[in-house]
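In: Predicted structure and sequence below. I'll ask about it afterward.
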Amino acid sequence: MQIEFVNIDILILVLAATIDYVIGDPVEWLHPVQVMGWLISGYVNLVTDQLVARFSPQIMKMLGVILGMTMIGGSGAIAWLIVITAAKFNLVLAIAISSILLAACFAGRSLRDAAESVLKVLATGNLEAARQELSRYVGRDTDDLDEVEILRAVLETVTENSIDGVTSPLFYALVGTALFDFGGVALAIAYKAASTLDSMVGYHEAPYTDLGWFSAKTDDVLTWLPCRLTVLTLALVSRKSIYVWKICDRDARQDPSPNSGWSECVYAAILQVQLGGDNRYRGFVKSKPLLGDAIQAITPLKIIQALQLTRICFLIWLGLAITALCA
């Protein structure tokens with residue numbers, strides 16, 4: 001029976017990867033992250049609008065812990081229960097649901113589509129339209145960005161989100177698959193909840209300073225290992241692993257984030273470009289450390305190459321996992 005479930009889990013992994021690559025996330029479909037977002041927003045609105053004035057920072061941190069643990073654990077448990085329940089009625093239905101849920105955790109196609117949509121508009125020479133298109137995907141101000149800064153913004157978005165949206169969900173899907181039946185879906189969804197929490201409340205500013213502390217730290221911890229494994233994999237793929245590691249060791253540590261500096265720097269080193277610098281958020285300038293050496297300029301081709309590197313890493317991990325599970 002265990003062998004049968006291993007084969008089923010392998011099928012789910014392959015189907016999910018294929019769905020993400022071919023279809024991605026159709027806008028008309030209800031996405032698990034949307035549901036997570038509604039629940040998180042409802043909780044945050046309740047706390048910040050009605051309770052924030054009544055509680056101390058310590059209580060707010062505790063409320064943040066409750067939010068984080070409930071969303072992460074609850075999301076994974078609910079996804080697993082849905083699939084297990086479906087399996088009791090029809091195994092094919094369970095495989096279909098699992099594959100769709102797991103595909104929703106992978107953002108490879110969405111990341112590629114976002115990058116290509118900006119590059120397509122930029123290729124027309126209409127900077128204003130390119131700025132507007134870019135603003136759909138980044139948090140920084142885009143109103144006065146020139147072509148060079150637009151390309152840097154796209155590449156930084158691709159390199160940072162490749163870890164959060166592609167390799168980390170795959171890592172937890174593989175771990176879950178190795179641990180228990182339909183575990184890949186459960187752990188990938190749980191990680192997605194942690195990532196969503198971080199993006200929504202994990203800010204170092206009011207009103208999320210205390211409420212979002214647990215979510216930010218949890219996402220940092222959960223992403224740490226898959227981030228380093230991604231760096232190692234890409235360094236080996238580049239065939240200049242020592243050089244890449246030296247650049248990352250030199251520059252990535254300067255970033256206040258324990259993960260985003262590494263995720264951006266490994267791509268910068270391989271592509272021989274420089275990321276980081278000054279960005280504006282709601283009118284305020286935020287300086288990030290420079291990552292990599294500006295040996296070559298950032299071009300649309302470099303962005304396509306970054307997407308290809310992410311895809312190669314994804315396929316290597318998937319191939320190794322399938323080989324191990326079949327052994």
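Out: Great, that's in hand. Numbering: from 1, shown residues only.
In: got the buried residues for stretch 275-290?
Out: Residues 275, 276, 279, 288, 289 are the ones in stretch 275-290 that count as buried (16 or more other Cβ atoms under 10 Å). C-beta: built from backbone N, CA, C; applies to glycine.
In: er, stretch 13-32 actually
Out: Across stretch 13-32, burial judged by 16+ other Cβ under 10 Å covers 13, 15, 16, 17, 19, 20, 21, 24, 25, 32.
In: nearest spatial neighbour of the fourth one, skipping sequence neighbours?
Out: Spatial nearest neighbour of residue 17, excluding adjacent residues (Cβ to Cβ, 6 or more residues apart in numbering): residue 318 at 6.0 Å.
In: Look up phi and psi at that neighbour.
Out: Backbone torsions for residue 318, taken as degrees, to the nearest 10, come to phi -60, psi -40.
In: now do residue 275
Out: With angles defined as degrees, to the nearest 10, residue 275 sits at phi -110, psi 170.
In: what ranges do the strands span in this structure?
Out: 275-281, 284-291 (DSSP state E).
In: what packs against the longest one?
Out: If I follow you right, that is strand 284-291. Judged by 3 or more Cβ pairs under 8 Å, 6 or more residues apart in numbering; DSSP states H and E, strand 284-291 is in contact with helix 241-251, helix 260-271, strand 275-281.
In: switch to 6 Å and redo it
Out: Secondary structure elements in contact with strand 284-291, counted by 3 or more Cβ pairs under 6 Å, 6 or more residues apart in numbering; DSSP states H and E, are helix 260-271, strand 275-281.
In: Repeat that for the shortest one.
Out: On a contact count with 3+ Cβ pairs under 6 Å, 6+ apart, strand 275-281 meets strand 284-291.
In: what stretches of the stretch 201-327 of the chain score poorly on pLDDT?
Out: The model of the stretch 201-327 of the chain has pLDDT under 70 over residues 204, 327.
In: Switch the strands of the chain over to TSV; also include distance to residue 234.
Out: Formatted as TSV, these follow (distance: least, Cβ to Cβ, whole Å):
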stretch	distance to residue 234
strand 275-281	15
strand 284-291	14
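In: Of all those, which one comes closest to residue 240?
Out: Nearest of these to residue 240, taken as Cβ to Cβ: strand 284-291 at 16.4 Å.
In: Starting from the closest one, tell me which strands it pairs with and how they run.
Out: According to DSSP bridges, strand 284-291 forms sheet pairs with strand 275-281 (antiparallel).
In: What is the neighbour count of the closest residue to residue 91 other than its chain neighbours?
Out: Excluding the flanking residues, the one nearest residue 91 by Cβ to Cβ, 6+ apart is residue 8, at 7.4 Å. Residue 8 sits with 18 neighbouring residues when counted by other Cβ atoms under 10 Å.
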